[in-house]
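Participant: pasting the sequence and the predicted coordinates here, then a few questions.
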Amino acid sequence: MTSLYRVFAKEIHLSNAHHFLCQTDKTKSRKQAREEFIQAGVDLINWGINFGYDYKFFAEIGFSETGRIISYTPIS
């Protein structure tokens, strides 16, 4: 985290920085973790279709939804 604060010191000082942390479950095998990752992507794409997102990649849906949440825009 120290390097993150050093690289983005200006943005953090201006309260214009956001970061996300990820915690991994070390008890799962790589195969099991990959299967869960793929299923989560499928679930996200299906969720996006239900809410009108027309994206093929789950990262695009996640990015758009995160932006919507940050800007406090309700889903129509």
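Facilitator: Nice, thanks for sending it over.

Participant: contacting residues for the residue most central in space within the chain?
Facilitator: In the chain, the residue lying closest to the centroid (C-alpha atoms, centre = their mean) is Gly62, at 5.2 Å. Contacts for Gly62 (C-beta atoms under 8 Å, 6 or more residues apart in numbering) come out as Leu44. Any C-beta I mention is one placed from the backbone N, CA and C, and that applies to glycine too.

Participant: ok, it to Ser15 distance?
Facilitator: 23 Å (C-beta to C-beta, to the nearest Å).

Participant: next one: Ser64
Facilitator: The value you get for Ser64 to Ser15, if C-beta to C-beta is used, is 23 Å.

Participant: who has more neighbours, these two?
Facilitator: Ser64 (14 against 7; other C-beta atoms under 10 Å).

Participant: give me the pLDDT for the more buried one.
Facilitator: pLDDT, Ser64: 80.

Participant: my read is that it contacts Tyr53, right?
Facilitator: Yes. The criterion here is C-beta atoms under 8 Å, and Ser64 meets it with Tyr53 at 6.2 Å.

Participant: now the helices for this structure?
Facilitator: 2-7, 9-13, 30-50, 58-71 (DSSP state H).

Participant: reformat these as TSV; add distance to His19.
Facilitator: Below are the helices of the chain laid out as TSV (distance: least, C-beta to C-beta, whole Å):
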stretch	distance to His19
helix 2-7	6
helix 9-13	9
helix 30-50	21
helix 58-71	12
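
Participant: which of the ones you listed has the lowest mean pLDDT?
Facilitator: For the helices of the chain, where the average pLDDT is lowest is helix 58-71, sitting at a mean of 79.

Participant: if anything else comes up later, I'll come back, but that's it for now.
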